[in-house]
Each structure stands twice: as structure tokens, then as C-alpha cells.
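Enquirer: fold the following for me, if possible:
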Amino acid sequence: MNAWTNLVMLGLNDNQFSGSIPSTLGTSFPLLQQLYLENNQLTSSVPESLGLLSDIVDIRMHKNELSGEFPNVLATMTNLELLFMHENQLTGMFAALPVSLFETHKLKEMRFSDNRFSGSLPLYFFEFADLEYLHLSNNMFSGQLPPILGDAVSLKELTLRENKLDGSIPPGIGNLVNLELLDLGENELTDVLPIEMGELTNLEFLYLENNRLQDLIPYKMGNLVNLQTLQLHWNAFTGHVPDEICDLTNIDANGGGGVLETVTVDCAGGDAAALITCNCC
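Expert: Below you'll find the model as predicted:
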């Protein structure tokens, strides 16, 4: 076994391996930097010894049948940049840890979508200074979007679709000026859209459908000059889609103008609880 202790990359992905991940993974390969186990048929829990891999940069265990709770290991993985755990059967709640433990971490991309996680969104998820991609869709997260969400200023993609999140969208969302994709669809979000949504000028795709959002759609969302898709249907909005948003669909004679291609709202003739008017849907 000593011959393996210097291993820095282990790639067993895209096979038909089944059974358990050895509990001694972290002690057997202490220098490991890249671990690729994705797209197999692994059925065990994620071993606690993973937290011993202080040099690990890239972990990919997605598209397996892993179950149980995700171990409390992220705090020790200060060099981790990519963590792909999506499309498994992981359950439980993430531990409540001080956000200060994660301020110097290097994580850039974290994917936990399509599992069975529950409880509140971990606050420290939004304290990774370099995090660009956070995918948490299709779980059972509940509670409100935390105000600290606005600290994750490096985010380019944030997906929280198909959870049980409620309450309002915090005004701090406007701090995420690098966002290109924001997907909050199919939750239980309420209240009005914050006017700060108009600060997300790099946004290309915005999905807010099937919530309980209400009142007027902010006219400042007309500032989203890069927006290509806007889905607002199955909410309780009133009034009309602002002309500033409809102007994003206009192409001038020189080929300039907006790039907005798709706008969906609860227009007259549908079965939604609230109907609004729209000149560009």
C-alpha cells in the first residue's frame, strides 16, 4: 500500500463500479489532488476521511447512488476548487458552521443539485470568495434566502429551483453583478421583487416562475440589457410588464438593441391566479 501513498490523481469515472467507497480513502491517498468517481453505481455514504485530503483540488462523485449525509469536511479542504456531488441520493442537513472558517477557501464550483438535502441553506456557502457556480436545485431546502447571499459577489450561476424556499428575495441580490444565470423557480417565494434586481446587468437567464411573488414588476429590470430569457409565470404579479423590459426585445435597423427572446407571464386567458398585461410576451 505504501506505493500508493504518493498518488495525486485517481480516475475511476465512467465505469460500472458498485458498492462502497472505502472508509480509508483519505488515509490511503493523503496527497490526492484529483478524485474522479463520477458516473458509476456507487451506493455508499461519502467517507469522513475525505476531510483528511488537505491538498485536494477537484472532487467529482456525481451521477452515482451515494446516500446518507454529506460529512462535515469542507472546512479542512482549503485548496478545493471543484466539488461535484449532484445526481445522488444524499440526505440530511448541512452543519451550521461559522462563516469565518471559509473566507480563505478557493472553491469555484459546487454542485449539489438533484439530491435530498433539507434544512436551511448553509450560510457559509455564500462566503466562498471565489465561488462562481453554485447549483442546489431539486432538493428540499427550506426557509428564507439569507441576506448574506449578497456577499457571494463572484457568482455567475446560482440555481435553487425546486426546493421549499419561502419569504422574500433579499435586496442584497443586487450585489451579485456577475450573475449570468439565476434560477429560483418552483419554490414558495413571496413578497415583491426587489428593485435591486435591476443591478444584475450581466444576467442572461432569469427564472422566477411558480412562486408566490406579487405586486408590480420593477421597471428597473429594463436595465438587464443582456437578458435572453425571463420567466415570471405562475405568480401573483399585477399591473403590466414594464415597457422598459419589452424594449429589451427590440432590434433596431442597425442590428443593435436588446437580446431578450423569451418572456413568460400570466397573461389574460391563462388559468393563473393573477393576470397582467404584456406587450411583448
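Enquirer: what residues are up against the residue nearest to Thr5 when sequence neighbours are not counted?
Expert: Leaving aside its sequence neighbours, Thr5 sits nearest to Pro30 (C-beta to C-beta, 6 or more residues apart in numbering; 6.2 Å). (C-beta placed from N, C-alpha, C; glycine too.) By C-beta atoms under 8 Å, 6 or more residues apart in numbering, the contact list for Pro30 reads Thr5, Leu52, Leu53.
Enquirer: and what about Pro30, helix, strand or coil?
Expert: The three-state label for Pro30, taken from DSSP: H, G, I helix; E, B strand; the rest coil, comes out as coil.
Enquirer: ok, it to His105 distance?
Expert: From Pro30 across to His105, the span is 20 Å (C-beta to C-beta, to the nearest Å).
Enquirer: same check, this time on Thr76
Expert: Counting by C-beta to C-beta, the gap from Thr76 to His105 is 10 Å.
Enquirer: can you map out the helices along the stretch 101-250 of the chain?
Expert: In the stretch 101-250 of the chain, the helices defined using DSSP state H, counting those that start in this stretch lie at 243-246.
Enquirer: between Thr76 and His105, who's got more neighbours?
Expert: The neighbour count for Thr76 versus His105, taken as other C-beta atoms under 10 Å, is higher for His105 (20 against 15).
Enquirer: list the contacts of that one.
Expert: Leu74, Met77, Thr78, Leu80, Phe128, Ala129, Asp130.
Enquirer: quick one: which of the contacts of Pro30 is most hemmed in?
Expert: Leu53 (23 neighbours).
Enquirer: do I have it right that that one meets Gly26?
Expert: Yes: the criterion here is C-beta atoms under 8 Å, and Leu53 meets it with Gly26 at 5.3 Å.
Enquirer: quick one: end-to-end length of stretch 58-70, please.
Expert: 16 Å (C-alpha to C-alpha, to the nearest Å).
Enquirer: any buried residues in it, and which?
Expert: Neighbour-count burial for stretch 58-70, counted by 16 or more other C-beta atoms under 10 Å, picks out Asp58, Ile59, Arg60, Met61, His62, Lys63, Asn64, Leu66, Ser67, Phe70.
Enquirer: what's the closest of the contacts of Pro30 to Lys164?
Expert: Leu53 (32.6 Å; C-beta to C-beta).
Enquirer: contacting residues for that closest one?
Expert: Gly26, Phe29, Pro30, Leu32, Leu35, Met77 are the contacts of Leu53 under C-beta under 8 Å, 6+ apart.
Enquirer: let's have these in TSV, adding pLDDT.
Expert: Listed next are the contacts of Leu53 as TSV, based on pLDDT from 0 to 100:
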residue	pLDDT
Gly26	93
Phe29	94
Pro30	94
Leu32	97
Leu35	98
Met77	93
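Enquirer: what average pLDDT does stretch 48-68 get?
Expert: The average pLDDT within stretch 48-68 is 97.
Enquirer: same question for stretch 214-225.
Expert: Mean predicted confidence for stretch 214-225 is 95.
Enquirer: for that stretch, buried residues please.
Expert: So, applying 16+ other C-beta under 10 Å, buried residues of stretch 214-225: Ile217, Pro218, Lys220, Met221, Gly222, Asn223, Leu224.
Enquirer: so which residues of the stretch 51-200 of the chain form strands?
Expert: 58-60, 67-69, 82-84, 89-92, 109-111, 116-119, 133-135, 140-144, 157-159, 164-167, 181-183, 188-189 (DSSP state E, counting those that start in this stretch).
Enquirer: out of those strands, nearest to Cys280?
Expert: It's strand 181-183; of those, that one is closest to Cys280 (C-beta to C-beta) at 20.2 Å.
Enquirer: hmm, who's touching the closest one?
Expert: 137, 156-161, 173, 176, 200, 203-207.
Enquirer: give me the sheet partners of it and which way each runs.
Expert: strand 157-159 (parallel), strand 205-207 (parallel) (DSSP bridges).
Enquirer: can you redo these as JSON lines with mean neighbour count?
Expert: Shown next, in JSON lines, are the strands paired with strand 181-183 (neighbours: other C-beta atoms under 10 Å):
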{"stretch": "strand 157-159", "mean neighbour count": "21"}
{"stretch": "strand 205-207", "mean neighbour count": "20"}
